[in-house]
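Visitor: Need a 3D model of the sequence below.
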Amino acid sequence: MRIKICGICQPEQGYAIAELGIKTLGFICVPSSPRYVTAEKARQILEKLPPGIQTIGVFADASLETIEQVVLATGFTGIQLHGNETTEFCREIKQALPNREIIKALRIQSAESLQKAIAYYSVVDALLLDAYHPQQLGGTGQTLPWESLKNFKPPCPWLLAGGLTSDNVLTALSYLQPDGIDLSSGVERSPGNKDLNKISQLIKVLKNP
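Guide: Below you'll find the model as predicted:
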């Protein structure tokens, strides 16, 4: 089970989370987000990480030029597209940055919302399902309607996000079979300030369900 902790803002926390065994960290490159980090700040955090960590830059409706600049300046190993990016835009990103993982996030309101996922199966490396919120793109603490999504079995890897915590993750996984999970607000004291005890508890719960 791949575990992605998203919204890393502090160098010492990034290193400590990686030391706990988390291999995928996410960095919010959306200026309107309370977890936003500049390319320079993200690069400083990446420099302190141990080897072998996957680092994902999260963008929302940014231009191809902006994404390229940030990815090359930071050294991110992957790109998460969390806005209204089209399949054609995903192809352009893949062509411009062919050695980076491309994750397309979809904000889901109901089982019917999953229909829009189909178009992305062949153009991204992974999908991420997040909870829908009319004003916020992510990190809302809201959960998905897990039971109504239990038939979601795409031909590509996918990650489950949306209000996951150590208290509810096993319930979510009893309905769904994602390839990984993505947590942000569920392992925080406040936006961007991660709680290492909550992350340790999450790992413990997953190892001893």
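Visitor: Helices of the protein, residue ranges please.
Guide: 11-19, 39-47, 64-74, 87-96, 169-175, 196-207 (DSSP state H).
Visitor: Export those as TSV, with columns for mean pLDDT.
Guide: TSV is the format used below for these (pLDDT from 0 to 100):
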stretch	mean pLDDT
helix 11-19	97
helix 39-47	97
helix 64-74	98
helix 87-96	98
helix 169-175	97
helix 196-207	97
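Visitor: Let me have these in CSV, extended by mean neighbour count and distance to L160.
Guide: The C-beta positions use only the backbone N, C-alpha and C, and glycine is treated the same way. Shown next, in CSV, are those (neighbours: other C-beta atoms under 10 Å; distance: least, C-beta to C-beta, whole Å):
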stretch, mean neighbour count, distance to L160
helix 11-19, 17, 19
helix 39-47, 17, 24
helix 64-74, 16, 24
helix 87-96, 16, 20
helix 169-175, 16, 6
helix 196-207, 15, 13
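Visitor: right, and those helices - which one's nearest Y121?
Guide: Comparison of the helices of the chain against Y121 by C-beta to C-beta identifies helix 87-96 as nearest, at 9.6 Å.
Visitor: which residues sit against that closest one?
Guide: If you take C-beta atoms under 8 Å, 6 or more residues apart in numbering as the criterion, helix 87-96 is touched by L64, I67, E68, I79, L81, R100, I102, K104, A119, Y120, V123, V124.
Visitor: Please report how far L206 lies from E68.
Guide: Using C-beta to C-beta, to the nearest Å, L206 is found at 35 Å from E68.
Visitor: And D182, by the same measure?
Guide: From D182 to E68 the distance is 24 Å (C-beta to C-beta).
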